Each structure stands twice: as C-alpha cells, then as structure tokens.
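A.B. asks: need coordinates for the following:
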Amino acid sequence: DELLAVSPAGQGLSHEQLGDLPLTEMAFKESLRMIPPVPALPRRALKDFEFKGYRIPAGTGVGINPAYTHFMPEHWPEPEKFDPLRFTDGKSYKDRVAAAQKKAQEEKEAADKANAKDFRICGFPPPSSGAIAVGQILGILSRTGADAIPLENGLPNANWLHLYTEASRLAFADRGQYLGDPDFVQPPAGNWMSLLAPAYLADRAKLVQPAGPSMKTATPGNPGPVAISHAPMPDQPEYGTSHISIVDAFGNAIAMTTTIEDVFGARQMVKGFLLNNELTDFSFAPADAQGKPIANRVQPGKRPRSSMAPTLVFDKATGQLVMSGGSPGGALIIHFTAKTLYGVFNWGMTPQQAINLPNFASLNGPSILEEKRFPPATVEALRARGAEVREQAMTSGLQAITLGNAHGQPVWLGGADPRREGIVMGD
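C.D. replies: This is a model prediction of the structure:
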C-alpha cells in the first residue's frame, strides 16, 4: 500500500472554517478524526509518523480523498520519499483553492483563445444608423469585462445589463450627434469608420463604471474633426419595419429590412403601392435652442436617417457566411439585432435561443426592459445604480439564420421571433 494523502474531514467543516487554517496543521489534525474514511480507498501507514504533536502509528488506516489532492502541490509519493516539509509553506486551504481556480481560469482562457474566431460583421451604411450603432455597442461592451459575465438562470443579470445599457447610451449619443444622409452630412475625421475605430471605442468604454453609477444620459464623443458642427438630435418615436433572412442551397444569402414607417405608411396608395411615411424619421426640430443645425434635419432631396440593421456575418479567415439576421422595431432594431448577435457569438446560442431572450435597451435615456421577463431583483439592482428603469412591451420581429454543425456536417439553423408573425421554413 502507498500513503498517498492524509485528508481532512472536509465533510464536517465549512469552507469558511477551513479558509485561513494552514493546510499543514489542519490536514494532520483533522485526519485523526476523519469521518469516515473513503471505504473503497483505504490505505495504511507503513511506519510511525509524527508531526506537530499528532501521531499516526504504523498500521493506522488513513482515508484517501482523491478530489482533495487536486489542491495539493502534487500527490504524495510512497512513504520513504515523503517529506512533510514541502507542505510547511503556510498556505491555507483558501490560498490553494484560489490558486487552483486561477489556474483553471487561465487554462479555459487559453483554450477559448485557441478556439476563437474572428468575424466580419457587415451592415448597412448611413443614412441608416443601424450598423454603426450595433458595432459601437458591441465594441464598447467588449472592453468593459462583460464577456466574463454568464447568463444567470438563462437571463442576462443586472451586472451585464448595466454594462450593456451604458454602452448603448454612449452609442446613441454619437448616433444623435453625427448620423445623417452622407450626401448632406460629413462624417467625423472624414470617415464613418472613425466611429468604430478600436482606440475610440476603448476611450468611450472608459466612461462605463461597472459598479455604477449609471451615466443616465451620455454626451457624444469626439472621434475626429468635423467639417460642420451639428447639434444632437432630440429623441423622438420611430415606428415599424419588416425583415427577412434567406440562405439558398448554393449559399447565396440576403438580410433584407424594408419599411414604409408605419402600418399602411402614409395611408396613400399609388398604382398598387403604399406610399411611405418616412418624413417622420427626420428630426422634427431643424436646430437646437442656440440655432445650431441638427444633422438629420429635413432638407430637399435628403434621405432620412433610419435604424434598420440588416446584418450578414462572415468568418474573417475563410470568408464563409455564418449568419444572416435583422428585425423590425424602429430605433429598438439596433438593440434587437445586437442582442441576437451577442447571444449567438458570446453565449453560444442557437438563433432561436438568442431571439427568445428577453429584450433590453437604452436610447440614451432610461434603461428599457421587456415587461414581465426579468426578476424584480434585476430591476431593483439597476435602479440602485441610479438608472431610471422602464418595463414595457418590446415587440421585436427578429429573423436569423446561422451556420451550425450536426453529426459533423454543416447545417443551417433558423430562428423566428415568437413575438410576431413569422416562421422558419426550409428544405
């Protein structure tokens, strides 16, 4: 027989009781009254052993706890090579648990990094604000530590929602300041991608306080010089659209969002077509109180800013399409789409699971949660961080298709929003 480990009676002690007791003394003291030794793994000491007044006579049965040896520097070898001094470094049970957990986390992060893929997320440019706002939300969020927060009972918890809504406030502040028809509005630094530059998003992310308080209302950032300075556009209601995602047998794909602004549009039909009501997507106010013009004001021949966010996602290394998605929903389209992308690529969900998640948002004002979908404790935790929280209907109409795997073969997985009409179909 080999003496592999002297194990404490962990069954009779709490983690807190074991926490700060040095492992050396604790192990030998508790092993003498072990309750009970593991029946299937009895061992016997082959010679007398004494340590700090505790004596184990030769022939004494000593239980083995294989799980506990995980916290030891190494399994004890045969008795003649055993050196108790290697355990006299004064490290406590708590220290060893923390070290083991840190090692496990490092191994997980290394594995995740090895398996990670880079994706190219493609969306519609201005005058739509959808792709830029979605990109800003996800880019800022990735720099706040949100990736380390898992779902809690299948739902985003208050810590994650706080980070998401703060990132949303920052994105919507920029949206109100800069976005408009590019034939009339010049982008900051002469390039719309300045709003998605990694260094700029990193600076914006520094404004997010993970423990709170909420910024409540964010101010626009400064991604670069602008040719004409504009005033931020005040918040105003936006209405509905329709979306469809399709992938055919040859891999050709479409993500299409279409709108006439509201049910029956302008309520006028010409030669079988309903006329749109898109003038309401312009800013109702042409300028702020100081007379500074608003980028999305009404002008002749100008296209209104929209929130449509039809999205195609590709594997950056191979160019393979991996997702098509989008939603109706006015300004909330941005959040519905961001939620689905995050659910699929960060939480490993199928498109249907990601779509089914409760909706959440901020348009740079209150935190908005889909009514009757979050526990009261989550709502109160957000309010405790200083945010105004509104619970309301959030009727998304998400449609998404992702490339999955079944029995080693690629397969397309579809998802349709149960909140509206819409189904998944395919051969």
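A.B. asks: can you give me the helices for this protein?
C.D. replies: Counting by DSSP state H, one finds helices in the chain at the ranges 15-19, 23-31, 93-115, 130-141, 158-178, 198-205, 333-345, 351-356, 376-384.
A.B. asks: nearest to residue 318, of the ones you listed?
C.D. replies: The closest of those to residue 318 is helix 93-115. By C-beta to C-beta, the value is 14.9 Å. (Each C-beta comes from the backbone N, C-alpha and C, glycine too.)
A.B. asks: tell me the average confidence for that closest one?
C.D. replies: The pLDDT scores in helix 93-115 average 69.
A.B. asks: still on that earlier bit, out of the helices of the chain, nearest to residue 226?
C.D. replies: Among the helices of the chain, the nearest to residue 226 by C-beta to C-beta is helix 158-178 (7.5 Å).
A.B. asks: so, low pLDDT: which residues of this structure?
C.D. replies: Low-confidence segments of the chain, defined by pLDDT under 70: 1-97, 108-116, 237-240.
A.B. asks: of all the helices of the chain, which lies closest to residue 287?
C.D. replies: Checking the helices of the chain against residue 287 by C-beta to C-beta gives helix 158-178 as the closest, at 13.8 Å.
A.B. asks: which elements pack onto the closest one?
C.D. replies: Contact here means 3 or more C-beta pairs under 8 Å, 6 or more residues apart in numbering; DSSP states H and E; on that basis helix 158-178 packs against helix 130-141, strand 360-362, strand 367-370, helix 376-384.
A.B. asks: picking up where we left off before, can you list the helices of the chain in JSON lines and add mean neighbour count?
C.D. replies: What follows is these, written out as JSON lines (neighbours: other C-beta atoms under 10 Å):
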{"stretch": "helix 15-19", "mean neighbour count": "12"}
{"stretch": "helix 23-31", "mean neighbour count": "19"}
{"stretch": "helix 93-115", "mean neighbour count": "12"}
{"stretch": "helix 130-141", "mean neighbour count": "25"}
{"stretch": "helix 158-178", "mean neighbour count": "26"}
{"stretch": "helix 198-205", "mean neighbour count": "17"}
{"stretch": "helix 333-345", "mean neighbour count": "26"}
{"stretch": "helix 351-356", "mean neighbour count": "21"}
{"stretch": "helix 376-384", "mean neighbour count": "15"}
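A.B. asks: so can I have CSV of the ones you listed showing distance to residue 427?
C.D. replies: Shown next, in CSV, are those (distance: least, C-beta to C-beta, whole Å):
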stretch, distance to residue 427
helix 15-19, 55
helix 23-31, 62
helix 93-115, 31
helix 130-141, 30
helix 158-178, 37
helix 198-205, 41
helix 333-345, 23
helix 351-356, 18
helix 376-384, 41
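A.B. asks: nearest to residue 276, out of the helices and strands packed on helix 158-178?
C.D. replies: The nearest among the helices and strands packed on helix 158-178, by C-beta to C-beta, is helix 130-141 at 17.3 Å.
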